[in-house]
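Would you be able to build a 3D model of this:
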Amino acid sequence: MGVPNKQIGWSNESNLLWDIVNKISQLTKVTSKISISGGSGVQTVTGNVVDNTDPVNPVVTADSTIQVTSVTVLTSAFSLVSGLYEASISNANILATSIVEVIPANASYTVVRDAEFLPQTDSSAGAVKIYCVNLPASDIVVTLNITNP
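Okay, here's the model as predicted:
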């Protein structure tokens, strides 16, 4: 639930409480458009240890989750390695210890199905690798859920 609008006629105490709730709401969730390698997307950051003083470049540390939507993975990003096609998706918020979920958009379903995408992902600092059996016939759009324990 969002923070309600400030109302005329509220007491000083009510106005102060509204200001506090509004600031907490701003600090616990930030949405901003950013440039992502391999595409662009909307980044949402939530967590206990997130510094959102700069909403374009939030500082993400422990116990946080970042969601990056509308990331395009180009067909040209895939290469055949040891019998599987793999592509790397870059994002500066991925830490060496991050758990990254890569969720294909519904519009990419047919391409993902035909390419036989595999459930395993491999994360390293700054990137996550995805795998498939066949080369995708076209670009796919994914959402990244990045959890930093």
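
what's the burial count for Ser84?
One correction, residue 84 is Leu, not Ser. For Leu84, the count of nearby residues is 15 (other C-beta atoms under 10 Å). C-beta here means a position set from N, CA and C on the backbone, and glycine is covered the same way.

Give me the neighbour count for the nearest residue to Glu116 once chain neighbours are set aside.
For Glu116, ignoring the flanking residues on the chain, the nearest one in space by C-beta to C-beta, 6 or more residues apart in numbering is Val133 at 3.8 Å. A total of 12 residues lie near Val133 under the criterion other C-beta under 10 Å.

who's in contact with Val133?
By C-beta atoms under 8 Å, 6 or more residues apart in numbering, the contact list for Val133 reads 84-85, 115-116, 118.

Kindly supply the ChimeraX command isolating those of these that are buried.
A single ChimeraX command suffices to select whichever of the contacts of Val133 are buried according to 16 or more other C-beta atoms under 10 Å:
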select :85,115
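
between the contacts of Val133, which is closest to Tyr109?
Ala115 (10.9 Å; C-beta to C-beta).

who's in contact with the closest one?
Contacts of Ala115 were listed using C-beta under 8 Å, 6+ apart, and they are 85, 132-137.

Identify, from those, the entry nearest to Val100.
When the contacts of Ala115 are ranked by distance to Val100 (C-beta to C-beta), Cys132 comes first, at 16.3 Å.

what about the nearest residue to Leu95 once chain neighbours are set aside, neighbour count?
Leaving out its chain neighbours, the residue that sits closest to Leu95 by C-beta to C-beta, 6+ apart is Asn148, at 5.4 Å. For Asn148, the count of nearby residues is 20 (other C-beta under 10 Å).

Hmm, Val100 and Asn148 touching each other?
No: judged on C-beta atoms under 8 Å, Asn148 makes no contact with Val100 at a distance of 9.8 Å.

about what we covered before: show me the contacts of Val133 that map onto strands.
Here DSSP state E is the test, and the contacts of Val133 give 84-85, 118 as lying in strands.

so which pair among the contacts of Val133 is furthest apart in space?
Spanning the widest gap among the contacts of Val133 are Leu84 and Ala115, at 10.6 Å by C-beta to C-beta.
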